[in-house]
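Fold the stuff below for me.
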Amino acid sequence: MIVCLLLAPVLFGQALPRPGFVHEAPFDPRTATGKYKHPASITELDNGDLYLTYYGGDGEYAPSTAVYGSRKGKGSARWSTPAKLAQDPFYSAGNPVVWQAPDGLVWLWYVVRPGATWSTSRIAAKVSRDGARTWSDASFITFEEGTLVQAAPIVPASGEYLLPVWKETGHDTEFVAADAASFFLLYDPKTRKWTESSRVHSRVGNIEPSAAELRPGELVAFCRRAGGYGVGAQGYPAYVVRTESRDGGRTWTPGEETEFPNPNAAVALLKMASGKLLLVFNDSLAERTPLTAVVSGDGGKTFSKKLNLAEGKNDYAYPYLIQSKDGMVHLVYTSQRRSTVNHLTFTEEALEKALAEAK
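Numbering: from 1, shown residues only. Next comes the predicted model:
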């Protein structure tokens with residue numbers, strides 16, 4: 001069954017209209033996978049199809065949550081009806097990351113949460129050998145309590161797969177402790193072995209890293225800060241955390257706060273085909289609005305003017321970035337109190353033009 005996903009933006013939180021940017025809200029409260037849809041990830045498959053996953057159900061902490069996937073065929077304007085990809089018989093499952101590796105294998109990483117808070121989680125994985133049409137059984141890739149995944153992997157010059165992950169502490173639904181730390185799992189496709197990087201520690205803690213390789217062996221990552229939510233909460237005010245690696249992602253510098261505010265919300269980083277870095281974050285100390293983009297042409301030392309991609313009284317959260325083979329940048333994020341998945345596409349040229357015209 002196929003469903004049309006281009007919804008009226010007046011109904012659901014949308015991107016700001018501007019030339020060269022195309023917005024759709026493919027999954028919303030009417031999509032029959034539960035009222036909760038958050039966060040989402042996207043990948044381009046070898047045949048040019050787009051494949052999008054999100055975590056749905058009755059709510060963030062509902063035990064019946066599951067991972068769903070949908071396909072948009074190359075050249076199509078429609079997405080398939082979301083199919084259930086992963087659900088644990090006993091525990092909540094969520095935070096999917098879908099990605100096709102250079103060898104054609106499609107990975108689906110997600111989180112299984114056996115306890116009441118994210119600090120009890122472990123990371124599971126499935127793989128597909130037929131372009132995300134059928135999936136293997138699940139396997140755990142971490143067993144340490146409080147390990148989670150959310151951001152896009154990259155392939156550095158070493159040929160290993162670098163998967164951003166983190167260790168969450170605090171055992172609280174509204175607070176992440178200061179010893180929470182980002183790190184990375186490196187997978188060698190030749191030996192099929194996982195190894196861990198060093199951990200990134202910072203002033204108020206950090207989670208949900210997103211990484212890019214600047215030059216062979218030299219990487220940078222930006223992370224969400226830990227703490228609580230809102231003005232006056234523990235950790236307020238705090239900013240997006242930056243860390244660097246000079247050995248292919250094995251060891252990382254201590255996290256340092258940047259000039260970009262962070263309301264305890266995810267960020268996304270992408271090295272575009274031009275070599276420039278695109279960073280998307282919430283430009284606020286306390287709210288998940290607006291959703292803002294900045295670009296760097298010098299490896300993240302300096303950034304452009306800010307460009308709001310979505311703004312107003314809404315919650316724009318969990319940005320996730322990829323660039324497809326045709327040069328289009330794809331940004332997925334959620335809104336409407338975690339009930340709507342948004343998909344925004346644009347070219348680098350459209351982005352540069354919008355930035356040049358930004359106030």
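
Name the helix or strand for residue 264, please.
Element membership for residue 264, per DSSP states H and E: none, as it lies in no helix or strand.

Same check on residue 126?
Under the criterion of DSSP H and E, residue 126 resides in strand 122-128.

Relative to that strand, what are the paired strands and their orientations?
Under the criterion DSSP bridges, strand 122-128 sits next to strand 106-113 (antiparallel), strand 139-140 (antiparallel) in its sheet.

Looking at these, spot the one closest to residue 213.
Each of the strands paired with strand 122-128 was scored for nearness to residue 213 using CB to CB, and the closest is strand 106-113 (18.7 Å). Where you see a C-beta, it was placed from the backbone N, CA and C, and this is true even at glycine.

Show the subsequent helix or strand relative to whichever strand or helix holds residue 330.
Element membership for residue 330, per DSSP H and E: strand 329-335. Per DSSP H and E, the first helix or strand lying C-terminal to strand 329-335 is strand 340-346.

got the contact list for that following strand?
Strand 340-346 has contacts (CB atoms under 8 Å, 6 or more residues apart in numbering) with 12-15, 20-29, 37-38, 40, 42, 52, 54, 309-310, 316, 328-335, 354.

So which of these belong to strands?
Among the contacts of strand 340-346, DSSP state E puts 21-27, 37-38, 40, 42, 52, 54, 309-310, 329-335 in strands.

At which residues are the strands of the stretch 51-200 of the chain located?
For the stretch 51-200 of the chain, the strands defined by DSSP state E, counting those that start in this stretch cover 66-72, 78-80, 83-86, 92-100, 106-113, 122-128, 139-140, 147-149, 161-167, 181-188, 193-196.

Kindly reformat the ones you listed as a markdown table and extend each row with mean pLDDT, distance to residue 285 and mean neighbour count.
As requested, the strands of the stretch 51-200 of the chain are exported to a markdown table (pLDDT from 0 to 100; distance: least, CB to CB, whole Å; neighbours: other CB atoms under 10 Å):
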| stretch | mean pLDDT | distance to residue 285 | mean neighbour count |
| --- | --- | --- | --- |
| strand 66-72 | 98 | 32 | 24 |
| strand 78-80 | 97 | 35 | 19 |
| strand 83-86 | 98 | 35 | 18 |
| strand 92-100 | 97 | 24 | 25 |
| strand 106-113 | 98 | 27 | 24 |
| strand 122-128 | 98 | 30 | 19 |
| strand 139-140 | 98 | 36 | 10 |
| strand 147-149 | 98 | 24 | 23 |
| strand 161-167 | 98 | 21 | 24 |
| strand 181-188 | 98 | 20 | 22 |
| strand 193-196 | 98 | 32 | 13 |
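
Make TSV out of those and add distance to residue 233.
Shown next, in TSV, are these (distance: least, CB to CB, whole Å):
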stretch	distance to residue 233
strand 66-72	30
strand 78-80	37
strand 83-86	33
strand 92-100	23
strand 106-113	23
strand 122-128	27
strand 139-140	33
strand 147-149	21
strand 161-167	19
strand 181-188	20
strand 193-196	30
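
nearest to residue 213, of those strands?
With CB to CB as the measure, strand 161-167 is the member of those nearest residue 213 (8.2 Å).

Strand 92-100 and the closest one, what's the angle between them?
Taking axes from the mean of the first three to the mean of the last three CA atoms, to 10 degrees, one finds strand 161-167 and strand 92-100 inclined to each other by 160 degrees.

From the contact counts, what lies against strand 161-167?
strand 147-149, strand 181-188, strand 206-215, strand 218-225 (3 or more CB pairs under 8 Å, 6 or more residues apart in numbering; DSSP states H and E).

right, so of those strands, which gets closest to residue 136?
strand 181-188 (15.4 Å).

Quick one: list the elements packing against the closest one.
strand 161-167, strand 193-196, strand 206-215, strand 218-225.

How far does it sit from its chain's centre?
15 Å (CA atoms, centre = their mean, to the nearest Å).

Next, the angle strand 106-113 makes with it.
In terms of direction (the same axes, to 10 degrees), strand 181-188 departs from strand 106-113 by 140 degrees.

what ranges of this protein fall below the confidence cut-off?
Low-confidence segments of the chain, defined by pLDDT under 70: 1-14.
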